[in-house]
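In: the amino acid sequence is not available; the structure is as follows:
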């Protein structure tokens, strides 16, 4: 499986703290190798159909990466620092919009 990053998501990722970027890189590498990841790092989202969530913790907080599958490839489309218990609706809508652009 290929793991690709939307160009705008790459810009968001580049703005995160270095430890969060490093941990996301580890999760992506594990996904590329099709390694089974614990649900604390990667899981299907319960709400929106087709969205998956990468989860990492770093020094300044919790970070999320939203992604989706298109054919056999996984596309990371949004990265952000999570500040509330629920994933913000605007981040979900943005992820769905970017996935639709890629289809």
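Out: Sure, I can see it. Source: prediction; values computed, not measured.
In: now residue 61: closest residue in space, sequence neighbours ignored.
Out: residue 81 (5.3 Å; CB to CB, 6 or more residues apart in numbering). (Each C-beta comes from the backbone N, C-alpha and C, glycine too.)
In: where does the chain have low pLDDT?
Out: Scanning the chain for pLDDT under 70 picks out nothing.
In: OK, contacts around the residue located most distally from the centre of it?
Out: For the chain, the residue at maximal distance from the C-alpha centroid (CA atoms, centre = their mean) is residue 59, at 18.3 Å. By CB atoms under 8 Å, 6 or more residues apart in numbering, residue 59 lies in contact with 17, 19.
In: packing partners of the helix or strand where residue 8 lies?
Out: Secondary structure from DSSP states H and E places residue 8 in helix 7-14. Here helix 7-14 touches helix 18-32, strand 73-82, going by 3 or more CB pairs under 8 Å, 6 or more residues apart in numbering; DSSP states H and E.
In: return the most buried member of the ones you listed.
Out: strand 73-82 (a mean of 21; mean count of other CB atoms under 10 Å).
In: which residue, other than its chain neighbours, is closest to the residue at minimal distance from the centre of the chain?
Out: In the chain, the centroid-proximal residue (CA atoms, centre = their mean) is residue 65; its distance is 2.1 Å. Of all residues not flanking residue 65 in the chain, residue 54 sits nearest, at 3.8 Å (CB to CB, 6+ apart).
In: can you give me phi and psi for that neighbour?
Out: phi -100, psi 140 (degrees, to the nearest 10).
In: that one: neighbouring residues, count only.
Out: 22 (other CB atoms under 10 Å).
In: that one and residue 44 touch, don't they?
Out: No - between residue 54 and residue 44 there is no contact under CB atoms under 8 Å: 11.6 Å.
In: related to what we said a few turns ago, what sits up against the helix holding residue 8?
Out: Here helix 7-14 has contacts from 5, 21, 24, 65, 76-80, 98, using CB under 8 Å, 6+ apart.
In: right, and out of these, which lies closest to residue 92?
Out: Ranked by distance to residue 92 (CB to CB), the contacts of helix 7-14 are led by residue 78 at 8.5 Å.
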